[in-house]
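**Student:** Just need the structure, nothing else, for what follows:
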Amino acid sequence: MKRSKSYKAVATKIENAKAHTLDQAVRALREAIRAKFDESVEATVRLGVDPRKADQMVRGTTVLPHGTGKKVRVLVLAKGDKAKEAEDAGADFVGAEDYVEKIQGGWADVDTIIATPDMMGQVGKLGKILGPKKLMPNPKSGTVTMDVAKAITSAKAGKIEYRLDKTSNIQAGVGKMSFSDDQIIENLKTFFGAIMRAKPASAKGTYLKNASICSTMGPGIKLDVNEIAMLGR
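**Tutor:** This is a model prediction of the structure:
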């Protein structure tokens, strides 16, 4: 991708700088804006754990205080009264076998899928389709539940799921550049705090290796890991 001179100048300045505090990093994000659309803000951490070991897996959810800035489309797989509850709670799509078949046919135009436990026998067939898309309902993330109304409200309010990948990284969208600096910082503190509190008991050595943020089209900005580590206390 061809970069402008102004982009390269900002990127060089950022890459050569020492680790940034959250305040400094968000100001640097503003300086690096070059796109004409509302860029997303992405946060990434690299952890000192082994993703091949089940007892060192880091996974969970947290609700960002200012949401993600994205309209979340929710599908609820449920029947009877729970389907009616989902409709009343504002789910974008509600169904059962019909949507299972639709997904098997290639449809997946949603951001979150919630299922009641009685639907999991059928939803289980969709693992190979939904797993790679990070859409598979899971009790640990609160997306397999009888309380579908609460799950819908949380999803639309800014609930995000984080999970360690095979390279020991976790990445998540934590807002938009149209947010105020304070809103971005508060969302970042919530996300990083959740990661720090999720440290496995079996983890040895340095848990937080590094952390950074970037906008959709901007360069990565290195963060002060000491400040991030304090957020878990």
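
**Student:** Output the below-cut-off pLDDT ranges for the protein.
**Tutor:** Within the chain, the segments meeting pLDDT under 70 span 1-17.

**Student:** hey, where'd the helices end up in the protein?
**Tutor:** Along the chain, the stretches classed as helices by DSSP state H are 5-16, 22-32, 80-88, 97-104, 120-123, 127-130, 148-157, 181-197, 225-230.

**Student:** tilt between the second one and helix 181-197?
**Tutor:** This points to helix 22-32. Put simply, helix 22-32 runs at 130 degrees to helix 181-197, going by axes from the mean of the first three to the mean of the last three CA atoms, to 10 degrees.

**Student:** List the buried residues of helix 22-32.
**Tutor:** Of the residues in helix 22-32, those buried under the neighbour-count criterion (16 or more other CB atoms under 10 Å) are Leu22, Ala25, Val26, Ala28, Leu29, Ala32. Every C-beta, even on glycine, is put in place using the N, C-alpha and C of the backbone.

**Student:** again with stretch 66-80
**Tutor:** In stretch 66-80, counting by 16+ other CB under 10 Å, buried: His66, Gly67, Thr68, Gly69, Val72, Val74, Leu75, Val76, Leu77, Ala78.

**Student:** contacting residues around the residue most central in space within the chain?
**Tutor:** Note on the chain: the residue nearest the mean C-alpha position is Ala172, at 3.6 Å, using CA atoms, centre = their mean. By CB atoms under 8 Å, 6 or more residues apart in numbering, the contact set of Ala172 is Glu42, Ala43, Ile160, Tyr162, Phe191.

**Student:** how about CSV for these, with distance to Asp224 and neighbour count added?
**Tutor:** Shown next, in CSV, are these (distance: CB to CB, whole Å; neighbours: other CB atoms under 10 Å):
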residue, distance to Asp224, neighbour count
Glu42, 18, 17
Ala43, 14, 24
Ile160, 23, 22
Tyr162, 20, 19
Phe191, 16, 25
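
**Student:** and of the residues you listed, the nearest to Phe93?
**Tutor:** Top of the list for closeness to Phe93, among those and by CB to CB, is Ile160 at 20.1 Å.
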